[in-house]
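**Student:** Show me the folded form of this:
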Amino acid sequence: MNKSGFRSWMKFEEYSRIVLVCVVVAVISFFGVRAEGVENAQPPDGEEKGPLRLISVEPTVLFLREQGSLLQVAEVEIESTSELSEVKVEVKLGSRQRSTGVGKVEKGKTKVQVHVPEVIAATEAEFVVRVGKDVADRRKATWQPQRHWKVYFVPITHHDLGYTDTIENVMNLYDGFYDDVIRFCEETEGFADESKYRYTLEGTWSLKHFIENRSEEVIEKFGEYVKEGRIEIGALFGNAISGLCGHEELIRLMYPSFRFKRMLGGTIRTGSITDVPGLSWGLPTVLSGAGVKYFFAGLPTYFEWGRNDIHTFWDESAILRHGRPDAFRWEGPDGQSVLVYYQGSYGFFNAVTGPHSYKYVLDNLPGMLGAMQKEDTPFSVMRYIHNGVDNHPPSVEISHIVKEWNEKWAYPQLMVATNTMFFEALEKQCQGIRTFRGELPHTDYVVGAISTAKETAINRITHERIQSAEKSATIASLVGDYKYPGEKLREAYDNMLLYDEHTWGRDYPAGEVQDLAWSEKGQYAYRAAGLVKPILRGSLDSVAQKIRLDKEGRHIVVFNSLSFERTDVVRVTRHIEKEPFDLIDEDTGAKVAYQSVRLDGPQAAAPYSAYRHARGQFEEHELFDLVFVADGVPSMGYKTYRIAPTGEAASSKSDIVVGEGEIENRFYKVALDRAT
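**Tutor:** Below is the predicted model:
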C-alpha cells in the first residue's frame, strides 16, 4: 500500500471510530430508561446522616424546555425526622449543576420533583439534599439518557352496526357525529398543528349514510378536511368477520371506501378491523394490492376480563416479540405485506372513552410509558384512541388537552392524529421487526353468525351467486342490448358486506328490540339475494336469446361461470313434460341420461319444499325437477341441450343398487342401522 493509500485508510479508520461512537451514543440514548444505583445508595464514608434522608431518585419520561435546553423531571423521595424549612435538592452532572427549592417538608416521607439537565450518554450524577446551607444527605448514581416519547391520540369511534341501539338509530347517530367532526375541525383551525382536531373513520358504512342524508354544501366541507388530512377514511367498509368472507368479498370490503376517496379526495393508507377475534390471511394480500400500507389489528381481549386463568384466543407470544404493544409485518400468501400494530383490544387510554382532562393524562401517561420501557419496548411512539368505544360520540376536548400539555412539556409530545400519522412515525422505528405469515385464528364470531342461521346461509349462497351474476351481466351487455346493472351490483355487495359485519343483535340479547335488531340484520342478506337473483336470471336469459339454435323445440342452456371446464349436476326446478322425451347434447348429438324427480311432500329435502308442495296441488309442475349431468361445459361458456319428444319413455341403466335398508354404487355402500 502506498503512502497516499495508507493515509486514506487511516482517515477511513478514524471516521469509522467516530461513526461507531455516534452509533453507540444513539443506542444508549434510545434504550436507556432509568438512573442506576440511586435507590438505597449509601452516603459517603464518614459522613453522618442529617435530619433528612434521601431514600430514592426515580427518572420519569417528562421533559421541560428551558432556554433551549431540555430538563428531565426526576422524582426524589426524602424522609424527615421532623418538620423542616429551607429544604432544597441539588443535582450535579459533571460541570453542570442545578438546584430545586422544596421549601417546607413535613415529618415523614415526601416526594418532590427535581429537574435534571438532559444527558445523551451515561453520566455520573450526584443528588444532594440541603437544609439551609447544610448537607443533609447525598447520593451518587449513573444517570442514563431517556428516550423522547411522542404520543398519538387518535379520535375514532368503534363502529358497531347496531348493538348499542337499532341499526337505523345508530346510522342516524353517526350523521350527527360527522356534523360535530366538521365543527371541531373548524373550532381548532387556529391551534398549533399538533393540537388541531382530527378524526379517523374506522368504517365507511356510516359515511355512506351521512352522504345520503346531507346537503352538497355539508359534504363539500367534509371533503375539504378529508383532502387536508384532518379527516381520514379507513380502508374497509366495516368490521367484517373476515372468516366469513370469500376472496372477492375481502376485496370488495375496500370498494366503498375507495368510492368515497374518489368523491372526496384524500388518500387511503390504513385499514383496521376491531373487536373481532380472528383475522384471515387474505387480508394483507388484498390491502397491499390496493396500496394500503398499514393495518391496526384491534383483536379484543375479553377472554381476560375479570380473570387470568384462561389462555387468550390466539398465541400472542408466537408473533409478538415484546408483548403488548408490538408491531410486525404481516405477509400474505402472495408475498406482499402490511405493517400491523397490536396493542390489545381497541387501544384505550386506561378509561375506555379516553382522557377527559389534562390532569388525567398527567396522572396516568408517565406511568404507562414507564411501564412500557421496563418491558423493553423498542419504540418511542405510542397510539391511544380517544372516545373510541362502541358508537361513542366524538369530542373536541382532546385538542384542548393536547394544547395545554404541549404548552408545558417538551416530552412526551402529544399529537391529535389520524391512524396513518401514527403508522408513518412507527414505521421509521420498525427495522428488524418480525415478519409473520399465516392466519390469526377465528373463535366465536364466525360461530355467532349461526344465531341467524337461515339468513347466514342465504348470504353465503349470495357470496358465490353475485360473482356469477356480475360475469353474466358483463357478457350480456357486450353481446346484446342488456344494460349493465352496475349500481344494483354495488348495492348488492354493500348489503352482503353489511350482513357479514361483526354485530349481531343488541347488547341486551332478549326481548322485542332484539327481535327487531335481528330482523334489521337479516334484511341485508335478503336484500343482497333479492338484488342478485334477477340480475343473474335476466342476464343469462339475454345471452340465451342470442344463441343460434339449429333445430326447433325446447332447449336448456347450461352456463359455466368458472375459470375451468366443469362437469356437474344440473337441476331444472318446476319442470314437467307430459310426453316421453330424450335429452340431446347439441354438441355431440348424444342422448343424456336424466331423472324426473317428484317432490314427495312438504318436508322434502329441497329448498322451499313446503311452499312448492302446497302450490303443486293446483300447479303440477311445482312438484317436479329435471336432473341430469352436464359434461364438459367450457370455462366461461355454455352447452345446449334439446328436449326431443319420443314415442316411448327413455330408459337408462344405472350401477346403483337399492336394497332393503341399503344403497350401493361402484364406489360406496351405505347401510341404514334401523336400531338408531
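**Student:** And the helices in the stretch 401-550 of the chain?
**Tutor:** Counting by DSSP state H, counting those that start in this stretch, the stretch 401-550 of the chain has helices at residues 419-427, 444-448, 453-479, 486-499, 512-544.
**Student:** Buried residues, the second one. List them.
**Tutor:** To tie it back to what came earlier, the one meant is helix 444-448. Within helix 444-448, the residues that count as buried by 16 or more other CB atoms under 10 Å are 445-446. Where you see a C-beta, it was placed from the backbone N, CA and C, and this is true even at glycine.
**Student:** any low-confidence regions in the stretch 151-300 of the chain?
**Tutor:** Of all residues in the stretch 151-300 of the chain, none has pLDDT under 70.
**Student:** Give me the three-state assignment for the closest residue to P393 other than its chain neighbours.
**Tutor:** In space, and not counting its chain neighbours, P393 is closest to F177: 5.8 Å by CB to CB, 6 or more residues apart in numbering. What DSSP: H, G, I helix; E, B strand; the rest coil gives for F177 is helix.
**Student:** unless I'm mixing things up, K208 is touching D494, no?
**Tutor:** Yes - in this structure, K208 is within contact of D494 by CB atoms under 8 Å, at 7.3 Å.
**Student:** anything in contact with each of the two?
**Tutor:** Common contacts of K208 and D494 (CB atoms under 8 Å, 6 or more residues apart in numbering): P256.
**Student:** mean pLDDT lowest for which of the helices of the stretch 401-550 of the chain?
**Tutor:** Note on these: lowest mean pLDDT is at helix 444-448, with a mean of 80.
**Student:** who's in contact with that helix?
**Tutor:** Outside of helix 444-448, the residues within contact range by CB under 8 Å, 6+ apart are 241, 243-244, 276-278, 502, 504.
**Student:** what's the farthest-apart pair in those?
**Tutor:** G278 and W504 (15.3 Å; CB to CB).
**Student:** More neighbours: the two, which one.
**Tutor:** Neighbours were counted for G278 and for W504 using other CB atoms under 10 Å; W504 has more, 24 against 19.
**Student:** which residues sit in contact with the more buried one?
**Tutor:** Residues near W504 by CB under 8 Å, 6+ apart: 162, 448-449, 451-452, 518, 521.
**Student:** what distance separates stretch 468-484 from the middle of the whole chain?
**Tutor:** Counting by CA atoms, centre = their mean, to the nearest Å, stretch 468-484 is centred 35 Å from the centre of its parent chain.
**Student:** buried ones in it?
**Tutor:** Across stretch 468-484, burial judged by 16+ other CB under 10 Å covers 468-473, 475-477, 482.
**Student:** Mind checking the pLDDT average for stretch 408-418?
**Tutor:** Mean per-residue pLDDT for stretch 408-418: 98.
**Student:** no, scratch that, I was asking about stretch 105-116
**Tutor:** For stretch 105-116, mean pLDDT rounds to 92.
**Student:** who's in contact with stretch 577-592?
**Tutor:** The contact list for stretch 577-592 (CB under 8 Å, 6+ apart) reads 550-551, 555-556, 593-594, 596, 626, 628-629, 631, 639-650.
**Student:** Now intersect those with the strands, please.
**Tutor:** If you go by DSSP state E, those have 555-556, 594, 596, 626, 628-629, 631, 639-645 in strands.
**Student:** now for those, which pair is the farthest apart?
**Tutor:** That would be D631 and P645, which, of the ones in strands among the contacts of stretch 577-592, are the farthest apart (CB to CB) at 22.9 Å.
**Student:** more crowded one of those two?
**Tutor:** Between D631 and P645, counted using other CB under 10 Å, the more crowded position is D631 (16 against 12).
**Student:** who's in contact with that one?
**Tutor:** 567, 585, 592.
**Student:** Quick one: neighbours of the closest residue to G298 other than its chain neighbours, just the number.
**Tutor:** In space, G298 comes closest to T274 once its chain neighbours are excluded; the distance is 2.9 Å by CB to CB, 6+ apart. Residues lying near T274 (other CB under 10 Å) number 23.
**Student:** so T274 touches N239, yeah?
**Tutor:** Yes - judged on CB under 8 Å, T274 makes contact with N239 at a distance of 5.7 Å.
**Student:** Okay, and the beta partners of the residue lying closest to G553 once chain neighbours are set aside?
**Tutor:** Of all residues not flanking G553 in the chain, R642 sits nearest, at 5.6 Å (CB to CB, 6+ apart). Taking DSSP bridges, one finds H555, I584 as the beta-bridge partners of R642.
**Student:** what about R642, how many neighbours?
**Tutor:** Neighbour count of R642, defined by other CB under 10 Å: 20.
**Student:** do the same with G601
**Tutor:** For G601, the count of nearby residues is 10 (other CB under 10 Å).
**Student:** pLDDT wise, what is the spatially closest residue to it that is not a sequence neighbour at?
**Tutor:** Spatial nearest neighbour of G601, excluding adjacent residues (CB to CB, 6+ apart): H613 at 6.1 Å. H613 is assigned a pLDDT of 96 by the prediction.
**Student:** my guess is H613 meets A604, correct?
**Tutor:** Yes - in this structure, H613 is within contact of A604 by CB under 8 Å, at 7.1 Å.
**Student:** quick one: the strands in the stretch 551-676 of the chain?
**Tutor:** With strands called from DSSP state E, counting those that start in this stretch, the stretch 551-676 of the chain shows them at 554-560, 566-573, 581-585, 594-598, 624-633, 637-645, 657-659, 662-664, 669-671.
**Student:** Mind putting those strands into TSV with mean pLDDT and distance to R262?
**Tutor:** Output for the strands of the stretch 551-676 of the chain, formatted as TSV (pLDDT from 0 to 100; distance: least, CB to CB, whole Å):
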stretch	mean pLDDT	distance to R262
strand 554-560	96	33
strand 566-573	96	37
strand 581-585	95	48
strand 594-598	93	50
strand 624-633	96	38
strand 637-645	95	34
strand 657-659	90	61
strand 662-664	95	58
strand 669-671	95	56
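**Student:** so can I have a markdown table of the ones you listed showing distance to V226?
**Tutor:** As requested, the strands of the stretch 551-676 of the chain are exported to a markdown table (distance: least, CB to CB, whole Å):
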| stretch | distance to V226 |
| --- | --- |
| strand 554-560 | 42 |
| strand 566-573 | 45 |
| strand 581-585 | 57 |
| strand 594-598 | 57 |
| strand 624-633 | 47 |
| strand 637-645 | 45 |
| strand 657-659 | 67 |
| strand 662-664 | 63 |
| strand 669-671 | 61 |
